[in-house]
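Q: The following block contains a protein sequence and its predicted model.
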Amino acid sequence: MQAVNSYFRKIINGTTQFIIPSFQRDYSWTETQCEQLWHDIVRAGRDGDDRGHFVGSIVYIPSGDSTAGFTQYLLIDGQQRITTLVLLLIALRRRLLEETGLQSAATSESAPTAKKVEAYFL
């Protein structure tokens, strides 16, 4: 096994599918854990530097199945965090879609749109 420091956006890039093995525990985060993650994200964004935020270890291995046209991995550790962050991205996409529509142009090229969230992460 090899540990690699990587950004979340590179792990969840729209071409990767994580399979949660049946031996993993059910999703059990409460509002408390979700609020803490949200506060961490807001703080990291407010700080304005590119250091990012350490979300903890995420351990995954190739599933051996690549017939679906994207890479599939078995998620061994980090299931709760990955699931919560993906749910957050889905909520962001929904909010952007409600505000601007999927195809609408953003105010700047770097501004998030529902279409970008969908393409890059979901």
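A: In hand now; what should we look at? These numbers come from a predicted model, not from an experiment. Numbers count the residues shown, from 1 in each chain.

Q: quick one: strands adjacent to the longest strand anywhere in the chain?
A: With DSSP state E applied, the strand covering the greatest number of residues in the chain is identified as strand 71-77. Strand 71-77 pairs in its sheet with strand 16-19 (parallel), strand 59-62 (antiparallel), by DSSP bridges.

Q: I'd like the distance from whichever helix or strand residue 93 is part of to the chain centre, please.
A: When secondary structure is defined using DSSP states H and E, the element that contains residue 93 is helix 79-100. Averaged C-alpha coordinates place helix 79-100 at 8 Å from its chain's average position (C-alpha atoms, centre = their mean, to the nearest Å).

Q: can I have that helix written out in CSV, keeping just the CAs?
A: Taking only C-alpha atoms (Å, rounded to 0.1, in the frame of the first residue of the first chain), the coordinates of helix 79-100 have been written out as CSV:
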residue,chain,number,x,y,z
GLN,A,79,-16.9,6.1,3.1
GLN,A,80,-18.7,8.6,5.5
ARG,A,81,-16.6,11.6,4.3
ILE,A,82,-16.8,10.7,0.6
THR,A,83,-20.6,10.2,0.9
THR,A,84,-21.1,13.5,2.7
LEU,A,85,-19.0,15.4,0.3
VAL,A,86,-20.8,14.0,-2.7
LEU,A,87,-24.1,14.8,-1.1
LEU,A,88,-22.8,18.3,-0.6
LEU,A,89,-21.9,18.5,-4.3
ILE,A,90,-25.3,17.3,-5.3
ALA,A,91,-26.9,20.0,-3.2
LEU,A,92,-24.6,22.6,-4.7
ARG,A,93,-25.5,21.4,-8.2
ARG,A,94,-29.2,21.6,-7.4
ARG,A,95,-28.9,25.1,-5.9
LEU,A,96,-26.9,26.4,-8.9
LEU,A,97,-29.5,24.8,-11.3
GLU,A,98,-32.3,26.5,-9.4
GLU,A,99,-30.5,29.8,-9.6
THR,A,100,-29.1,29.8,-13.1
